[in-house]
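In: Please find the sequence and the predicted model below.
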Amino acid sequence: LYRDYHDREWGRPLHGTAALFERVSLEAFQSGLSWLIILRKRDNFRRAFDGFDIATVAGYADADADRLMNDAGIVRNRAKIAATIANARVVADLDTDFDDLLWSFAPPPRPRAAASRRRGG
């Protein structure tokens, strides 16, 4: 699982509002834990958080937070659950696309030839 993640996902550009919201949320849940724990629970997180659909998660109420706290398939941390719901609400209220916003902070890609010359190759 860990090797497949690194071979297929890690370090590769990720686009799409739901995909990016999922990654940001899972990274927050990972805080203080091993990424492998999160990978093992990723399908459970997707199920529990309705596929990380922002509009749906933004509409979660206290009963949803309680449901998530009782879900043994995910990391049950009230602060991280509350943060995920709050983040969904913020993303839902953005006046720009979440994908565009996050990628606006990325440095422009470097041409491969220029990068190779700098390394002496």
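Out: That came through, no problem.

In: Just confirm Ile85 contacts Ala65, I think it does.
Out: Yes: the pair formed by Ile85 and Ala65 meets the contact definition of C-beta atoms under 8 Å, at 6.6 Å. The way it works is simple: take the backbone N, C-alpha and C, and place the C-beta from them, glycine included.

In: quick one, which of these two is more surrounded?
Out: Neighbours per residue, other C-beta atoms under 10 Å: of Ile85 and Ala65, the larger number sits with Ile85, 20 against 15.

In: remind me which residues of this structure are low pLDDT?
Out: 114-121 (pLDDT under 70).

In: run the last query once more with 50
Out: When residues are selected by pLDDT under 50, none of them lie in the chain.

In: Spatially central residue for it, please.
Out: Arg23 (1.4 Å; C-alpha atoms, centre = their mean).

In: ok, now how distant is Arg67 from Arg110?
Out: Separation of Arg67 from Arg110 (C-beta to C-beta, to the nearest Å): 46 Å.

In: Looking at those two, which is more packed in?
Out: Between Arg67 and Arg110, counted using other C-beta under 10 Å, the more crowded position is Arg67 (13 against 10).

In: On the secondary structure side, give me the element for that one.
Out: Arg67 is part of helix 62-69, with elements assigned from DSSP states H and E.

In: buried stuff in that helix?
Out: Neighbour-count burial for helix 62-69, with 16 or more other C-beta atoms under 10 Å as criterion, is recorded at 64, 68.

In: Which stretches in the protein count as helices?
Out: In the chain, the segments counted as helices under DSSP state H are 2-8, 17-30, 35-48, 54-58, 62-69, 78-92, 98-103, 112-118.
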